[in-house]
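Undergrad: Model the following, please.
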Amino acid sequence: MANEGTKLIAENRKARFDYSIEDTYECGIELLGTEVKSVKDGKISFPDAFAEILNGEVWVRNFHISEYVYSSVFNHDPDRPKKLLLHKEEIKRLSRKVDEKGYTLVPLSFYLKNGRVKVSLGVCKGKKQFDKRDAIKERDNKRDLQREFRKRLDG
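TA: Coordinates of the predicted model:
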């Protein structure tokens, strides 16, 4: 995603902590005109967002796009479900994976790619409490190691 044509809008760091990510997919998202403007302004919130497959289509739920402030009365509904754009083969693969026990679809990040809003959708499995504690311990150890390394470099 670090290409020249991409710009990160928002990232779901809570999902990376709560879930172990098995696979990621790049999806388009079907938005209304004022929604696109709000997303480009970064007026989105999705800590509890998830995706589900209904009738061969992938929908994102609990994804809030604030109303565009410079719009007229014809604004969008902030909490409406949004449709994700994927190929049929990808949707079939996702539905087989999600039917397995414990897997869910979680939006990991929203970004602009060549002027279009894209979603990084992760096939995730929930972490247990002890997995989260291990992640915190590993992060603290890494931070301490970096601190020691900097201290030795500075003298």
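
Undergrad: Please, which helix or strand holds residue 24?
TA: Element membership of residue 24 [criterion: DSSP states H and E] is strand 19-29.

Undergrad: Which strands and helices lie in contact with that strand?
TA: If contacts are counted by 3 or more Cβ pairs under 8 Å, 6 or more residues apart in numbering; DSSP states H and E, strand 19-29 sits against strand 82-85, helix 88-99, strand 103-113, strand 116-126. All C-beta spots, glycine's among them, are computed from the backbone N, C-alpha and C.

Undergrad: Residue 12: which of the ones you listed is closest?
TA: strand 103-113 (5.3 Å; Cβ to Cβ).

Undergrad: Off-centre distance for that closest one?
TA: 3 Å (Cα atoms, centre = their mean, to the nearest Å).

Undergrad: now swap in stretch 45-55 and tell me
TA: Using Cα atoms, centre = their mean, the offset of stretch 45-55 from its chain centre is 10 Å.

Undergrad: Stretch 62-71 now?
TA: 17 Å.

Undergrad: Please apply the same query to stretch 86-99.
TA: Centroid separation for stretch 86-99 versus its chain: 17 Å, with Cα atoms, centre = their mean.

Undergrad: okay, now residue 60: neighbour count?
TA: 23 (other Cβ atoms under 10 Å).

Undergrad: Tell me what it is bridged to.
TA: Beta-bridge pairing of residue 60 under DSSP bridges involves residue 51, residue 82.

Undergrad: Report the contact partners of the most centrally placed residue in the chain.
TA: The centre of the chain sits closest to residue 108, judged by Cα atoms, centre = their mean, with a distance of 2.0 Å. Contact analysis of residue 108 by Cβ atoms under 8 Å, 6 or more residues apart in numbering lists 11, 12, 15, 16, 21, 24, 120, 121, 122.
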